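Student: fold the stuff below for me.
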Amino acid sequence: MRSTIGTRTLLAVDVQFDGEVWFWKGPPPHHFVTVPTHMWPAFKEAAELVSYGWGVVPVAAQIRGTTWTTSLFPKDGGYIVPLKATVRKAEQVELGDTVTIRISVHVPT
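Tutor: Numbering: from 1, shown residues only. Model (predicted):
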């Protein structure tokens, strides 16, 4: 979604989806949720404006009552969301759980 503020355009991506928590053995090991394929184009567009290296997209993420900042990582043509241990502990999220996650990125252009 694009909106204009004065002479600046703002690209905003704000999505919510359900996904299964999976584990990557590393190094370093970490838990992730995969962004659904139909949402990839919006994040690819945002990456062109905000990526600070190899296509990562800085975002705000939320599961239930816990919000944190992170970056979407590119993987297999799409994106994955890393789940911090503190988030998983706070929300009692385990490997294999399906979680509802909200992802937001706001990009001034």
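
Student: in stretch 83-100, what's buried?
Tutor: Neighbour counts over stretch 83-100 (16 or more other Cβ atoms under 10 Å) mark Leu83, Val87, Arg88, Glu91, Val93, Val99 as buried. The C-beta positions use only the backbone N, C-alpha and C, and glycine is treated the same way.

Student: give the contact list for Gln62.
Tutor: Trp68, Ile101, Arg102 (Cβ atoms under 8 Å, 6 or more residues apart in numbering).

Student: can you list the buried residues of stretch 83-100 in JSON lines and add pLDDT, secondary structure and distance to Phe43?
Tutor: Output for the buried residues of stretch 83-100, formatted as JSON lines (pLDDT from 0 to 100; DSSP: H, G, I helix; E, B strand; the rest coil; distance: Cβ to Cβ, whole Å):
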{"residue": "Leu83", "pLDDT": "97", "secondary structure": "strand", "distance to Phe43": "17"}
{"residue": "Val87", "pLDDT": "97", "secondary structure": "helix", "distance to Phe43": "20"}
{"residue": "Arg88", "pLDDT": "97", "secondary structure": "helix", "distance to Phe43": "22"}
{"residue": "Glu91", "pLDDT": "98", "secondary structure": "coil", "distance to Phe43": "23"}
{"residue": "Val93", "pLDDT": "97", "secondary structure": "coil", "distance to Phe43": "22"}
{"residue": "Val99", "pLDDT": "98", "secondary structure": "strand", "distance to Phe43": "18"}
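
Student: among the contacts of Gln62, which are in helices?
Tutor: In helices, judged by DSSP state H, none of those are found.

Student: who wins for most neighbours among those?
Tutor: Ile101 (21 neighbours; other Cβ atoms under 10 Å).

Student: quick check: beta-bridge partners of it?
Tutor: Assessed by DSSP bridges, Ile101 has beta-bridge partners Phe17, Ile63.

Student: residue ranges with poor pLDDT in the protein?
Tutor: By pLDDT under 70, the weakly predicted segments of the chain are 1-10, 107-109.

Student: where along it do the helices fall?
Tutor: Under DSSP H, the chain gives helices at 40-50, 85-90.

Student: what's the first one in contact with?
Tutor: Think helix 40-50. 11, 13, 15, 35, 55-58, 72, 74, 77-79, 105, 107, 109.

Student: since that was my last question, I'll sign off now.
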